[in-house]
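> sharing a sequence plus its predicted fold:
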Amino acid sequence: MDIQLSIRQLTKRYKTGDGVSDITLDVRKGELITLLGPSGCGKTTVLRSIGGFLDPDSGDILIEGKSVLNSPPEKRPTSMVFQGYNLWPHMTVYENLAFGLKIRKKKKAEIEQAVTDVLQLVRLPGAAQKYPSQLSGGQQQRIAVARSLLLKPAVLLLDEPFSALDAKLRHEMREELREIQAQTGLTMVFVTHDQEEALSISDRIVVMNHGHIEQIASPQEIYDEPKSLYVAQFIGKMNFLKGVVVSERVTLGQLSFPNPKQLSGNVSLAVRPEDVNLHDKEGQGLPGTIKQIMVLGHYAEVSVDVQEHGTIRAFQPRDQVKDLQPGQSMKVNFAKALAYPAV
Ligand SMILES: Nc1ncnc2c1ncn2[C@@H]1O[C@H](COP(=O)(O)OP(=O)(O)OP(=O)(O)O)[C@@H](O)[C@H]1O
């Protein structure tokens, strides 16, 4: 396995006591890895340490096998794309892009070719002579990405690059970033607090919590097998219920589930809304009453009151809810339930 970036036991504490501790992470060449977590969990601290804008208290950061800790940001094989685009307003797009290459004493013809190619890559071939103010937010962000790409970094660092854009544009930019990754094979570390963004663009996600790593896994694994209740709460929609272990099975009323973590006593159960089945026939299930049905395009969210277990939300295909009514009695079953130590 070709490791491009290796973070070893990185610790950074601010005077306030906040920061990150013992962050260890290997990023493969060509991988897009996302640091995900709520505000203040330490994502930016890790990213800025990689880029050289912050000095860690201890630990090491290696890029292509070499420690970069003693190099200033401009000497590191990294490039950072910020949330604000940081383009120079008095320079054209061409000048903005060419600037870094001129400083590196590249020849004019080489610069022209590189700028033409990178504008093609970010799908703005006609933008060279425009000023940043003549571009939309999304276009400016593409130019900011292009400027970083031109520096041919070993690792591209992206700090919430799309958070200032509207929802539709964010979607487009995610696809474009994946396309750029596919075309360039660049290793990227992406920071976001948006779980949907992380799930949609990442090869792997690093879920952070209060300065430490909670789980590192593929989006699918993070979604299907959240390692802790914290990850389960943070990723996707989830129902939370209280269960108890009886005869080595996790039970909830008359329902029972496997107990792979071999928990005992009271447990917290997490059930995805798409794993909730509803039926109105004889047979197994928790008795409940439909509270609300919300049709959301191709699927519907059905809320069911289940006695002492509270309200359970179920995602159902739209055509399966057309005969359902609020107030109707239903049985509730779970195709899958994840158990965690009780909180
Ligand atoms: N310069 C600083 N001085 C003191 N505390 C800081 C400093 N920078 C960050 N912190 C604190 O360290 C913790 C981690 O901050 P960091 O910016 O890395 O989190 P984050 O996950 O990137 O948050 P956000 O999504 O809000 O940017 C937070 O509690 C923050 O308040």
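Sure thing, it's come through.

> and residue 196, helix, strand or coil?
Classification of residue 196 using DSSP: H, G, I helix; E, B strand; the rest coil returns helix.

> count the neighbours of it for me.
Residues lying near residue 196 (other Cβ atoms under 10 Å) number 14. Just so you know, the C-beta spots here come from the backbone N, C-alpha and C atoms, and that holds for glycine as well.

> report the separation between it and residue 144.
22 Å (Cβ to Cβ, to the nearest Å).

> so which strand or helix has the closest residue to residue 229 other than its chain neighbours?
Distances taken as Cβ to Cβ, 6 or more residues apart in numbering place residue 340 nearest to residue 229, at 4.3 Å, with adjacent residues excluded. Using DSSP states H and E, residue 340 sits within strand 338-341.

> tell me the mean pLDDT for that strand?
Averaged over strand 338-341, pLDDT sits at 95.

> contacts for it, please.
When contacts are defined by Cβ atoms under 8 Å, 6 or more residues apart in numbering, strand 338-341 is touched by residues 225-226, 228-229, 232, 243, 245, 250, 257, 259, 261, 263, 267-271.

> ok, it: who's next to it in the sheet?
strand 266-271 (antiparallel) (DSSP bridges).

> extract the CA atoms of stretch 37-57 and return them as CSV.
Coordinates of each C-alpha in stretch 37-57 appear next as CSV, following Å, rounded to 0.1, in the frame of the first residue of the first chain:
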residue,chain,number,x,y,z
GLY,A,37,-17.2,16.3,12.9
PRO,A,38,-19.1,19.1,14.6
SER,A,39,-17.7,22.5,15.0
GLY,A,40,-14.8,22.6,17.4
CYS,A,41,-13.9,18.9,17.2
GLY,A,42,-10.4,19.7,15.8
LYS,A,43,-10.6,19.2,12.0
THR,A,44,-9.0,22.5,11.1
THR,A,45,-6.3,22.0,13.7
VAL,A,46,-5.3,18.7,12.0
LEU,A,47,-5.5,20.3,8.5
ARG,A,48,-3.5,23.4,9.5
SER,A,49,-0.9,21.2,11.1
ILE,A,50,-0.5,19.3,7.8
GLY,A,51,-0.2,22.5,5.9
GLY,A,52,2.4,24.0,8.3
PHE,A,53,0.2,26.8,9.6
LEU,A,54,0.3,25.4,13.1
ASP,A,55,3.1,23.7,15.1
PRO,A,56,1.9,20.6,16.9
ASP,A,57,3.1,20.0,20.5
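
> sort out which residues of it are buried, please.
For stretch 37-57, burial by neighbour count (16 or more other Cβ atoms under 10 Å) applies to 37, 41-52, 54, 56.

> narrow the contacts of strand 338-341 to those in strands?
Counting by DSSP state E, the part of the contacts of strand 338-341 found in strands is 243, 245, 250, 257, 267, 268, 269, 270, 271.

> now, which of the buried residues of stretch 37-57 lie close to the ligand?
For the ligand, the contacts drawn from these by Cβ under 6 Å from any ligand atom are 37, 41, 42, 43, 44, 45.

> ok, now which ones touch the third one?
Taking Cβ under 8 Å, 6+ apart, we find residue 42 in contact with 18, 19, 20, 23, 208, 210, 211, 212.

> alongside the ligand, which residues does the stretch 1-150 of the chain contribute?
14, 16, 18, 19, 37, 39, 40, 41, 42, 43, 44, 45.

> surely the fourth one meets residue 11?
So the one you mean is residue 19. Yes. Using Cβ atoms under 8 Å, residue 19 is in contact with residue 11, at 7.4 Å.

> mind checking which of those two has more residues around it?
Between residue 19 and residue 11, residue 19 has the larger neighbour count (other Cβ under 10 Å), namely 18 against 15.

> contact partners for that one?
Residue 19 makes contact with 11, 12, 13, 42, 45, 211 under the criterion Cβ under 8 Å, 6+ apart.

> repeat the analysis, applying 10 Å as the threshold.
10, 11, 12, 13, 42, 45, 46, 54, 56, 57, 211 (Cβ atoms under 10 Å, 6 or more residues apart in numbering).

> those in helices, which ones?
Residues from the contacts of residue 19 lying in helices, with DSSP state H as the criterion: 45, 46.

> what parts of the stretch 151-300 of the chain come near the ligand?
That would be residue 193, which are the residues of the stretch 151-300 of the chain within reach of the ligand (Cβ under 6 Å from any ligand atom).

> and the strands in the stretch 151-300 of the chain?
Along the stretch 151-300 of the chain, counting by DSSP state E, counting those that start in this stretch, strands occupy 155-159, 187-192, 204-209, 212-217, 239-246, 249-252, 255-257, 266-271, 276-279, 286-296, 299-306.
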